[in-house]
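1. Got a sequence here, can you build the structure:
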Amino acid sequence: MLSIEKRLIYLSMIGIITSFYLTHHHLEINSNLQIGESICSINESINCDSVARSEYSHLAGIPISLIGLFYYLSLFSFLVILKNLDFKFKKGILVVFSTVSVICSISLGLVSWFAIKSICIFCCLIYLINILIALLSFKLPSNKDKSGASFKINYIDVTLFAISTAGIMLALCYFPNVWKTYFLEPRYNSVYNQTRINELVEKWKLEVKNPLLENSQILATGLLVGKENAPIKIVEFSDYECPFCKKVSPVLEKLVADNEELVNLTILNYPLDESCNPSIKKKFHDSSCQSASLVICENLAKTNKNFLLHKFLIASTISSKDNLKSLASTKFSNTLTNELDYCLNSNDVKDSLANQIDLAIKLGINSTPTIYIDSKKIEFDSFFQIESLLKQIILAYSKKS
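-> Next comes the predicted model:
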């Protein structure tokens, strides 16, 4: 029969595997790199995808599953490296941390059931593992030596454990970006290959030009990138706090630069911010309206600084209105023709922004970025397809002309 310590080691290994999968799933869902639905998305009540997409799946931007992965890796390291540690001391540490993990499991389970209204099967497996680890920790004997002698602390082992824990923490800090860059993105791109791109291009060709966009005078208030008389006209509805807009923006700018005789880009604002967008009902990107107002203000001033300001804002991390004001007064103060307060209170700026948002709402836009070419909306499965899609459309047009 397996000893309690070996059972704890095996449970920690199962926890490592499960939390690794949950971290992988969280990254592919929230990076829009998922291929199909997850194996445990059975219905609305049992749906891992819904749980991974929820605001409760991360803590201060860190996936809950990644915190779990750190816990199980550290637990495994603790059990293996400090196997000769004083049993009373070892039991005390295990009881404390396993009890905390059970409390967290119960809390997350309640949030999942009552707030998200969906259950993740793999999360439930983690909750069960935490409960079993806690029960076994309480059953662990305080002193294995029946003679009453305690094991002495081996400081070499303790140092090794500290180093391994620090190494685990450091590795997990880099893990999300490394995993996305070297596994998720290449895998996704290999699945959504040229055949799928061709299908989406054909779907775009069959679209009917939207008269609301084709005949709209509001396009003239947008930020124009490229030559005004270019035959291929791209329109992007964007948000300065949207992470996907930040990825798409340099792609669109490069396409215009590489095809300056053929393509221009008009950037219109659709801030996902309740302070200026009536379709947003709760706090979300709470400085997007002000960022959009700054660019519109500079655009109305008809200077050559509007695009510089746009590029700066789309590349910046703006977490709050105060953060935006701080940036305005320091890092990009030299790109502003008008004072910040003037831009934010100008009726012309407010009207222009309201008209752009109103156009987006009439077009049925509810997310960013949304892209049109020749007044026809482009549909895509992932933001990674946009560059290939646009290049193929531009290539077809150049051959045609």
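2. Next secondary structure after the lowest-mean-pLDDT helix or strand in the chain?
-> In the chain, the helix or strand scored least confidently by mean pLDDT, DSSP states H and E is helix 321-329, which has a mean of 65. Per DSSP states H and E, the first helix or strand lying C-terminal to helix 321-329 is helix 340-345.
3. so what are the domain limits for the chain?
-> 4-191, 194-400 (automatic domain parsing).
4. Include mean neighbour count when you put those domains into CSV, please.
-> In short, each C-beta sits where N, CA and C put it, glycine included. Converted to CSV, these look like this (neighbours: other CB atoms under 10 Å):
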stretch, mean neighbour count
domain 4-191, 16
domain 194-400, 17
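5. Compute the mean per-residue pLDDT across the lengthiest helix in the chain, please.
-> As assigned by DSSP state H, the longest helix anywhere in the chain is helix 4-30. Averaging pLDDT along helix 4-30 yields 95.
6. helices and strands around that helix, which ones?
-> Applying 3 or more CB pairs under 8 Å, 6 or more residues apart in numbering; DSSP states H and E, we find helix 4-30 packed against helix 48-53, strand 62-63, helix 64-81, helix 121-139, helix 155-179.
7. change it to 10 Å
-> Using 3 or more CB pairs under 10 Å, 6 or more residues apart in numbering; DSSP states H and E, the elements in contact with helix 4-30 are helix 48-53, strand 62-63, helix 64-81, helix 87-110, helix 121-139, helix 155-179, helix 185-191.
8. for the residue lying closest to Tyr127 once chain neighbours are set aside, what are its contacts?
-> Distances taken as CB to CB, 6 or more residues apart in numbering place Ser105 nearest to Tyr127, at 4.0 Å, with adjacent residues excluded. Taking CB atoms under 10 Å, 6 or more residues apart in numbering as the criterion, Ser105 is in contact with 68, 123-124, 126-131, 134.
9. Endpoint to endpoint, stretch 213-232 covers what distance?
-> 14 Å (CA to CA, to the nearest Å).
10. Need the mean per-residue confidence for that stretch.
-> Per-residue scores along stretch 213-232 average to 90.
11. And stretch 78-96, by the same measure?
-> pLDDT averaged over stretch 78-96 gives 87.
12. now stretch 350-368
-> 95.
13. returning to that earlier point: may I see the helices and strands packed on helix 4-30 arranged in CSV, with distance to Lys362 as well?
-> Output for the helices and strands packed on helix 4-30, formatted as CSV (distance: least, CB to CB, whole Å):
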stretch, distance to Lys362
helix 48-53, 28
strand 62-63, 37
helix 64-81, 39
helix 87-110, 41
helix 121-139, 41
helix 155-179, 38
helix 185-191, 33
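14. Do I have it right that Lys88 meets Pro141?
-> Yes - in terms of CB atoms under 10 Å, Lys88 counts as a neighbour of Pro141; the distance is 8.8 Å.
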